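Asker: Need a 3D model of the following:
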Amino acid sequence: CTRCRKAITDIAVSVKKGEKNMKQHNISQRRYFWLICLILLWMLAGFGVSAAEKKAIDVDSSIFGFKGVVLDDGSLWVWDYDDVYFSNPKKITDNVKQMDLGYRHGAAIKTDGSLWTWGYNLTGQLGNGSTFSNYDIFASGNTLSKIMDDVVQVSCSIDTTAAVQADGSLWVWGSNTAGQVGNGETSQEPVTSPVKIMGNVAKVQLTGSFGVALKKDGTMWIWGRDTISEDPGPTGWIDRLSPVQLLPDTLTDIKDFSMSSLYFGVIKTDGSLYTWGYNYAKGVVGYIPKEDEDYNLWNDRDVETPRFLMGNIAKVYAAESDTTSANMAAIDNNETLYMWGANSRGQLGQGSTDTEAHYIPVSVLTGVDKFNITSGFCMAIRDDGTLWTWGTTQSNGVGSHQILTPTQMSLDFKETSTPSGNTPGGNGGNPNSGAAVAAPTQKISVAKVKGKPKLKLKKGKVKLTFKKVKGADGYEAVSYTHLRAHETAANR
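Answerer: Coordinates of the predicted model:
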């Protein structure tokens, strides 16, 4: 480094100046040489010369709160929902260039274009031909399933997955109760293997019980439980069993889009951003009032058709969340990140929280390349590969942490221990393992037990008391603080 080169030059000059002193004090040149070497080693250690700094290339988070990052070395890392400081990562696999996280499953595209999935599979969302599932997205013992090759983009929803191949073909699999697979029918039985539903696709996104695809000709197509068309019918939705064009008179020349179950944003080829949807969710559709305009959000609470918001936009993002933490965001062509909507969790990055509706976009961070927001927690990758986070991370009221301004996170990830606290049953969620899993901050203790346990539920905590086998090490009781109501009885 520059400092080291300067230090070496300074020492060389000192050597010449010190030759006279060496003779006067009878110091040999060899001893002086080794002294210089020791000084250099000390200086190098102090300057912290190390391998090249790691960079982030992709980020995502699930609506349940799991967070994922792909580094430039191809490693994919996932964190539990309450680990806002990224302190206990789980490495999933290597050679990854893109990934997407569903509710409790994930999908990764490797550098060779192959698609791999892991995690929960109760509705066939892994696409491996089965519904066998013992594992959570974050659990140890997870094995990945290779699904297909030549994949360029993937999207995961709660219980469905979709992938776009290099030739533009779109494949979908998983739950199909509302036609969200788009194969022309509904079924209570999951679709466990990929089904091709259309071609010429540039991008796909799944959310809730429907999916949307952007075709290479700039048109938008929707299937599943459609809640965002102009005429959703008397029930508020239409179950579309096959892809149909979305707002054909309005949505043309589209180059990118993002959506949640309640609001939508599209970017046209000229960089103009249009938004629409349920605006009463903290002004999430956004609006920039004209000068002297008396704008009233109550009168603008449901924007039924796309409306221009701002120009010069390169990317748009819509957060899947409840109405109290609804947000949208955009990155302009100058790499400045803008956000609008709720700020109850500090997700606008302005250093505070409030319950107001922030319908005017505010500048949050510059030099942003990629961004992700889910339920009030934000992650941004800047153009230098650094990772920045802010907002609040929490799920089901458990493990809430808050960062009110964008803060850089270290990318020196290390697996410090087997993750725990999010998968009841131990051993990656295998109900037959016999290991008791406690909260992340508690130690895991195992004891030989007999008989059925006594169970008590108090203030959201489940306490199980076993009869301990005489002479066995361990504890008589274990508290589970992270149980989830929708777990199977076997896993409970």
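
Asker: what are the phi and psi angles of S193?
Answerer: The phi and psi values for S193, taken as degrees, to the nearest 10, are phi -130, psi 150.

Asker: for K54, same thing?
Answerer: With angles defined as degrees, to the nearest 10, K54 sits at phi -70, psi 150.

Asker: Which residues are in contact with it?
Answerer: 71-73, 385, 411-413 (Cβ atoms under 8 Å, 6 or more residues apart in numbering). For every residue, glycine as well, the C-beta is placed using N, CA and C.

Asker: Which parts of this protein are helices?
Answerer: Using DSSP state H, the helices of the chain run over 2-24, 29-47.

Asker: Any idea which of these has the lowest pLDDT on average?
Answerer: Per-stretch mean pLDDT for those is lowest at helix 2-24 (a mean of 51).

Asker: who's in contact with V195?
Answerer: Applying Cβ under 8 Å, 6+ apart to V195 gives the contacts 171-173, 181-183.

Asker: now it, which residues is it bridged with?
Answerer: V195 has these beta-bridge partners by DSSP bridges: V172.

Asker: where does it land on pLDDT?
Answerer: Here, the pLDDT recorded for V195 equals 98.

Asker: Lowest average confidence across helices and strands of this protein, where is it?
Answerer: Ranking every helix and strand in the chain by mean pLDDT, DSSP states H and E puts strand 477-480 at the bottom, with a mean of 36.

Asker: ok, back up a step: by pLDDT, give me the weakest of the contacts of K54.
Answerer: On pLDDT alone, F413 ranks lowest of these, at 84.

Asker: if I read this right, that one contacts W77, doesn't it?
Answerer: Yes - counting by Cβ atoms under 8 Å, W77 is a contact partner of F413 at 5.1 Å.

Asker: In terms of neighbours, single out the busier of the two.
Answerer: Neighbour tally, F413 and W77, criterion other Cβ atoms under 10 Å: the higher count belongs to W77, 22 against 17.

Asker: does the more buried one have beta-bridge partners, and which?
Answerer: Beta-bridge pairing for W77 (DSSP bridges): V69, K91.

Asker: Let me know the distance separating it from K414.
Answerer: 10 Å (Cβ to Cβ, to the nearest Å).

Asker: Give me the common contacts of these two.
Answerer: Common neighbours of W77 and K414 (criterion: Cβ under 8 Å, 6+ apart): P89.

Asker: By neighbours, which of the contacts of K54 wins?
Answerer: That'd be L71 among the contacts of K54, by other Cβ under 10 Å, with 19 neighbours.

Asker: Now for it: which residues touch it?
Answerer: So L71 contacts 54-57, 77, 411, 413 (Cβ under 8 Å, 6+ apart).

Asker: Skipping its backbone neighbours, what lies nearest I313 in space?
Answerer: Nearest residue to I313 in three dimensions, chain neighbours excluded: L273, at 4.3 Å (Cβ to Cβ, 6 or more residues apart in numbering).

Asker: hang on, I meant G174
Answerer: Per Cβ to Cβ, 6+ apart, closest to G174 is T160, 3.5 Å.

Asker: Count the neighbours of the one you found for me.
Answerer: 32.

Asker: just W298 next, same as before
Answerer: Neighbour tally, W298, other Cβ under 10 Å: 8.

Asker: so how far is W221 from it?
Answerer: W298 sits 33 Å away from W221, going by Cβ to Cβ.

Asker: what's the answer for L126, then?
Answerer: Noted for L126: a distance of 25 Å to W221, by Cβ to Cβ.

Asker: between these two, which one's more packed in?
Answerer: Taking other Cβ under 10 Å, L126 and W221 do not tie; L126 has more neighbours (30 against 23).

Asker: List the residues that contact that one.
Answerer: Neighbour list for L126: 105, 117-119, 133, 145, 147, 161 [criterion: Cβ under 8 Å, 6+ apart].

Asker: Which of the residues you listed are buried, as a PyMOL select command?
Answerer: Provided next is the PyMOL selection string for whichever of the contacts of L126 are buried by 16 or more other Cβ atoms under 10 Å:
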select buried, resi 105+117+118+119+133+147+161
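
Asker: okay, who's weakest in the contacts of L126 by pLDDT?
Answerer: In terms of pLDDT, S133 ranks lowest among the contacts of L126, with 77.

Asker: Do I have it right that it meets T117?
Answerer: No - at 11.3 Å, S133 does not count as touching T117 under the criterion of Cβ under 8 Å.

Asker: Tell me the pLDDT of L247.
Answerer: We have a pLDDT of 91 for L247.

Asker: give the contact list for it.
Answerer: 220, 229-230, 305-306.

Asker: and which of those is nearest F210?
Answerer: Nearest to F210 among those, counting by Cβ to Cβ, is S229 at 10.1 Å.

Asker: can you tell me how far that closest one sits from A178?
Answerer: 15 Å.

Asker: Repeat that for W276.
Answerer: From W276 to A178 the distance is 22 Å (Cβ to Cβ).

Asker: cool, D73 as well?
Answerer: For D73, the distance to A178 equals 40 Å [Cβ to Cβ].

Asker: residue ranges with poor pLDDT in the chain?
Answerer: 1-52, 81-87, 134, 139-141, 230-236, 323-324, 393-400, 416-492 (pLDDT under 70).

Asker: now with 80?
Answerer: 1-52, 63-65, 80-88, 133-142, 227-237, 280-281, 320-324, 393-401, 414-492 (pLDDT under 80).

Asker: Count residues in the vicinity of N183, would you?
Answerer: For N183, the neighbour count with other Cβ under 10 Å is 18.

Asker: Now it: phi and psi?
Answerer: The phi/psi pair for N183 (degrees, to the nearest 10) is phi -100, psi 20.
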